[in-house]
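Enquirer: this one's sequence-less:
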């Protein structure tokens, strides 16, 4: 006598076609997501206890997100200091390059650095600020995006491509300048979590060079309350450009190398 095959979920006999999963049989209508109810035949699904979940609902309830790109983690992941990353997202915070195999990773308390960046010489005294023109990253279409809200309109991104910028995700057509509302390409400038085109950013927040009076984008050398393009920061005595991290002396409206200032003071003393 052939034993009757029972559905594991409803315990009723299986007649006709039945689905087999881990040595248990199911009616096709019984093997479904416990949240949305969609059938799981020929689809990836997850089991927690006696509950079955489609991929999206499992990720919503139990999934972990990458601390870099904020997309759900699948496959190989890297866990460090309580944070989780896709392998491709775990990179040096300075050069943004993936860590070389067997390279030592240095944690500074806030950043993860490769050995090359950690051993690079640190700039000493001259203050450097950086209103850089940033570049966003277009993320590929994934099912997980259906649960991510666009930072511009607040609507779900769903199957569309998303732009990752300012640590948020945007519809490509929602990523626009906060002031003039022009659609931004991948390049933008940010302030307080808001994107701007370069023109409006400079008019609202821009730093002007004390030598040429032009707006500064990128590295800024500062002496007192004066700011300079690196190429415009010339010593008033020797006319040589200051290097990044090189100490400046502010003499009235002029900037001097410490060495030139000492030489000028000595010459003045000898004339007396």
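Expert: Everything's here; your move. Since the model is a prediction, treat every value here as computed from it, not as a measurement.
Enquirer: can you map out the helices along the protein?
Expert: 55-62, 115-119, 198-205, 258-271 (DSSP state H).
Enquirer: mind checking how far the last one is from the chain centre?
Expert: Computed by Cα atoms, centre = their mean, to the nearest Å, the chain-centroid distance of helix 258-271 equals 49 Å.
Enquirer: Give me the average confidence score over it.
Expert: Average pLDDT, helix 258-271: 78.
Enquirer: neighbours around residue 240, how many?
Expert: Using other Cβ atoms under 10 Å, the number of residues around residue 240 comes to 12. Every residue, glycine included, has its C-beta placed from N, CA and C.
Enquirer: what sits against the residue nearest to it when sequence neighbours are not counted?
Expert: Of all residues not flanking residue 240 in the chain, residue 234 sits nearest, at 6.7 Å (Cβ to Cβ, 6 or more residues apart in numbering). When contacts are counted by Cβ atoms under 8 Å, 6 or more residues apart in numbering, residue 234 touches 211, 240-242, 255.
Enquirer: Report the beta-bridge partners for residue 234.
Expert: For residue 234, the beta-bridge partners under DSSP bridges are residue 241.
Enquirer: Tell me how far it lies from residue 258.
Expert: Look at residue 234 and residue 258: by Cβ to Cβ, to the nearest Å, they are 15 Å apart.
Enquirer: same deal with residue 15?
Expert: Following Cβ to Cβ, the distance that separates residue 15 from residue 258 is 93 Å.
Enquirer: got any ranges where the stretch 1-150 of the chain has weak pLDDT?
Expert: Low-confidence segments of the stretch 1-150 of the chain (pLDDT under 70): 1-3, 102, 108-110, 120-136, 138-146.
Enquirer: quick one: the strands in it?
Expert: Assigned by DSSP state E, counting those that start in this stretch, the strands in the stretch 1-150 of the chain fall at 19-21, 24-26, 45-48, 51-54, 77-80, 83-86, 106-107, 112-113, 127-129, 134-135, 137-139.
Enquirer: Need those strands in CSV (columns: distance to residue 60 and mean neighbour count).
Expert: Formatted as CSV, these follow (distance: least, Cβ to Cβ, whole Å; neighbours: other Cβ atoms under 10 Å):
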stretch, distance to residue 60, mean neighbour count
strand 19-21, 22, 14
strand 24-26, 23, 17
strand 45-48, 11, 14
strand 51-54, 9, 19
strand 77-80, 18, 14
strand 83-86, 17, 16
strand 106-107, 31, 13
strand 112-113, 29, 20
strand 127-129, 41, 13
strand 134-135, 31, 12
strand 137-139, 19, 13
